[in-house]
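>>> Give me coordinates for this.
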Amino acid sequence: EGKGKRRNPLHDFKKTGELMLIKVNRTLEVKTKLLNTTEQCAKRCSRNKGLSFTCKAFAYDRVTKRCHWLSFNSLTNGVRKKQDHAFDLYEKKDYVRNCIIGKGADYKGTISVTKSGIQCQAWNSMIPHEH
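Model prediction:
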């Protein structure tokens, strides 16, 4: 990244066109606001700016220019997918990725066992296995 160049906030998100997530579980949170671009939505989601929850995804309504920040993603229990031509879904890659990048310190995926079936553990723990 050179001087004066800004990093595109959408880089941290996986886009799925024409898809919206519907919460079945009422405890899951959503906040909406009119915003002109998906980049603005992504920036606010990444920073959790003005949100009372950790933003895991957002859906952008191309027709109304409305951003829907979500406390959940497509892998969350109590959520269903809905095909919708007005929306594009953007999910934080950290929450939908099923692999570890680097040392895995930022891994937030859902896989909790190794390929061979051994239970995963915290990096700073020696329980249930030694490193």
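>>> Dig out what residue 67 forms beta bridges with.
On the basis of DSSP bridges, residue 67 is bridged to residue 33, residue 60.
>>> before we move on, what about residue 82?
Going by DSSP bridges, residue 82 forms beta bridges with residue 20.
>>> With the one 5 residues further on instead?
The residues listed as beta-bridge partners of residue 87 by DSSP bridges are residue 61.
>>> where does this structure have its least confident helix or strand?
The helix or strand of the chain with the poorest confidence is helix 93-96; it has a mean of 86 (mean pLDDT, DSSP states H and E).
>>> Tell me the gap between that one and the middle of its chain.
5 Å (CA atoms, centre = their mean, to the nearest Å).
>>> Give the other helices and strands that it contacts.
Packing partners of helix 93-96 (3 or more CB pairs under 8 Å, 6 or more residues apart in numbering; DSSP states H and E): strand 13-23. The C-beta positions use only the backbone N, C-alpha and C, and glycine is treated the same way.
>>> how about the strand it packs on: buried residues?
Neighbour counts over strand 13-23 (16 or more other CB atoms under 10 Å) mark 13-14, 16, 19-21, 23 as buried.
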